[in-house]
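Engineer: Could you work out the structure for the sequence below:
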Amino acid sequence: MSSQEQATSPATLLSQLRQHLGLDTEYTVDHDDGFTWWPNGTPIRFRWAGPRAEAVAIPTSRISFEIDAIEGIDVSEEQEAAALSFLTKTFNLFSSAVEDGTLRFRGTAHLLEGGTMAPVARLFNQAFFASHLIATKTSDIMPLLAPKNRGLFRRGGAQLVTREHPANGVRRNASDIPASSVQSLLDAGAVTTAIDRTPDVPSAARAIQALGIGLVASNVTNDEHAGATSFNVVIETRDATSLLEIQLDQTHPSLGLGMLAVLRIRFPEGHLHGSSEHLAATWNRLEWEQGEPIDLVGAWTPSAAGADVAYSAFYPNAAHNRDLARTVALEGVRRVQWVFQHHGYDTPFTPTGPYGRALLGTPEPTGMRS
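Structural biologist: Just a heads-up that it's a prediction; the model follows:
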């Protein structure tokens, strides 16, 4: 076996992942395709798949996490859709799905052969925070169960999932966790990102403009002291209008400052793709199941101002680097292409003249609003 093949083998990659994250063996259970780790009473299942060479030019491996959050759910499809929309609008940090009466949180990251471990670190922070939400019964997630307020899952005996490690039970001291903590995320979110780690917004805008896809209108907003802080790109085709918007210094209700990316898609009036709720649920499920080489950081939501559906994702300050805005912008374009391919539309983009110019404004972001 060559050194390159060895570097991408499951055992080697998982070992690197465990070492990179500093996970302890006492509260870890190994599986053939990954491992489960107990940072608290809410275990996180990590899986490895790959490398895939047929979908992209560079062999790419996929790391994913999945957490069982609430079990015993027995509600209508309408209530389920409302609950999932609430989660996406509140957190913008993971995808959610209800399967067999259980609410699950999910996310993915993709590693290019020879690339950095930064996507994995970001994925771990997502997973750790999602597990923390459940274990601490945070006020951000309890509206799903509380009789007052929304209480969207309160019927049918729904309850938060807690499971002990099969051999060692519940972790006795959370301070023993030798990995990124929620407190480190909060600390990073309390201050502005250092200049050398601030996402380069102008380079993201230039990267999209260089693609020459459809009719692209871009707008870069600058702050007198911080430089460029946001941009939006409108991609119009004969089949849909898409608005991609990236904003720095947005405030998450739990994690403080970070970057918010929102991709809105609007189909022509009278389209036959189903309701916004159906589209969001379907696209979230397919992104998880099909394993496309696009990171699943946030989720699709039907709560999309001025559009049929939107993909919303938040990147806390702790995950920032200079190339983040450009990476996320290009992923937004790939996500649009994926949607088009799923519905049988032509790609690459072919403009046929403007419509839906209302999307050219600056609508309220999908996530992080009261």
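
Engineer: drop to CA atoms for contacts and neighbour counts, all remaining ones
Structural biologist: Will do.

Engineer: Okay, and residue 313 sits in which element?
Structural biologist: Assigned by DSSP states H and E, residue 313 belongs to strand 309-316.

Engineer: element containing residue 329, please.
Structural biologist: Residue 329 belongs to helix 324-342 when assigned by DSSP H and E.

Engineer: Can you tell me what sits against that helix?
Structural biologist: By CA atoms under 8 Å, 6 or more residues apart in numbering, the residues outside helix 324-342 that reach it are 199-201, 203-205, 207-208, 242, 244, 246, 261, 263, 294-295, 346-348.

Engineer: Verify the contact between residue 233 and residue 246 for me.
Structural biologist: No. The pair residue 233 and residue 246 fails to qualify as a contact (CA atoms under 8 Å) at a distance of 9.1 Å.

Engineer: Give me the more crowded residue out of the two.
Structural biologist: residue 246 (26 against 23; other CA atoms under 10 Å).

Engineer: thinking again about what came up before, return the set of buried residues in the helix holding residue 329.
Structural biologist: Judged by neighbour count using 16 or more other CA atoms under 10 Å, the buried positions of helix 324-342 are 324-326, 328-330, 332-333, 335-338, 340.

Engineer: before we move on, back to that, for the strand holding residue 313, packing partners?
Structural biologist: Strand 309-316 is packed against helix 77-91, helix 182-189, strand 256-266, helix 276-290, strand 299-301, with contacts defined by 3 or more CA pairs under 8 Å, 6 or more residues apart in numbering; DSSP states H and E.

Engineer: Now with 10 Å, please.
Structural biologist: Contacting strand 309-316 under the criterion 3 or more CA pairs under 10 Å, 6 or more residues apart in numbering; DSSP states H and E are the following elements: helix 77-91, helix 118-135, helix 182-189, strand 241-252, strand 256-266, helix 276-290, strand 299-301, helix 324-342.

Engineer: Tabulate these in a markdown table, adding columns for distance to residue 47.
Structural biologist: Supplementary listing: those in a markdown table, determined by distance: least, CA to CA, whole Å:
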| stretch | distance to residue 47 |
| --- | --- |
| helix 77-91 | 23 |
| helix 118-135 | 12 |
| helix 182-189 | 22 |
| strand 241-252 | 28 |
| strand 256-266 | 26 |
| helix 276-290 | 12 |
| strand 299-301 | 19 |
| helix 324-342 | 22 |
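
Engineer: Of the ones you listed, give the one that comes closest to residue 37.
Structural biologist: helix 118-135 (10.0 Å; CA to CA).

Engineer: Centre of the chain to that closest one, how far?
Structural biologist: In terms of CA atoms, centre = their mean, to the nearest Å, the gap separating the centre of helix 118-135 from the centre of its chain is 11 Å.

Engineer: That helix: which residues count as buried?
Structural biologist: 119-135.

Engineer: Next, the angle from that helix to helix 77-91.
Structural biologist: In this structure, helix 118-135 runs at an angle of 120 degrees to helix 77-91, with axes from the mean of the first three to the mean of the last three CA atoms, to 10 degrees as the basis.

Engineer: For residue 283, give its distance to residue 124.
Structural biologist: Taking CA to CA, to the nearest Å as the criterion, residue 283 is separated from residue 124 by 23 Å.

Engineer: Correction: the previous question concerned residue 230.
Structural biologist: The spacing between residue 230 and residue 124, counted by CA to CA, is 26 Å.

Engineer: just residue 84 next, same as before
Structural biologist: Per CA to CA, residue 84 is found 22 Å from residue 124.

Engineer: And for residue 302?
Structural biologist: When distance is defined by CA to CA, residue 302 is 27 Å away from residue 124.

Engineer: per-domain residue ranges of the chain.
Structural biologist: Recorded structural domains for the chain (assignment: automatic domain parsing) are 3-180, 195-360.

Engineer: for the ones you listed, which one sits closest to residue 186?
Structural biologist: Evaluated over the domains of the chain, closeness to residue 186 peaks at domain 195-360, with 5.2 Å, by CA to CA.

Engineer: For that closest one, the averaged confidence score.
Structural biologist: pLDDT averaged over domain 195-360 equals 81, rounded to a whole number.

Engineer: Centroid-nearest residue for the chain?
Structural biologist: For the chain, the residue sitting closest to the mean C-alpha position, by CA atoms, centre = their mean, is residue 297 at 1.4 Å.

Engineer: give me every residue that touches that residue.
Structural biologist: If a contact means CA atoms under 10 Å, 6 or more residues apart in numbering, then residue 297 has 92-95, 106-109, 122-123, 126, 311-315 as its contacts.

Engineer: Ranking by neighbours, what's the top pick from the residues you listed?
Structural biologist: For the contacts of residue 297, counting by other CA under 10 Å, the largest number of neighbours falls to residue 108: 31 neighbours.

Engineer: Touching, it and residue 290? I think so.
Structural biologist: No. When contacts are counted by CA atoms under 10 Å, residue 108 is not listed as touching residue 290 (11.7 Å).
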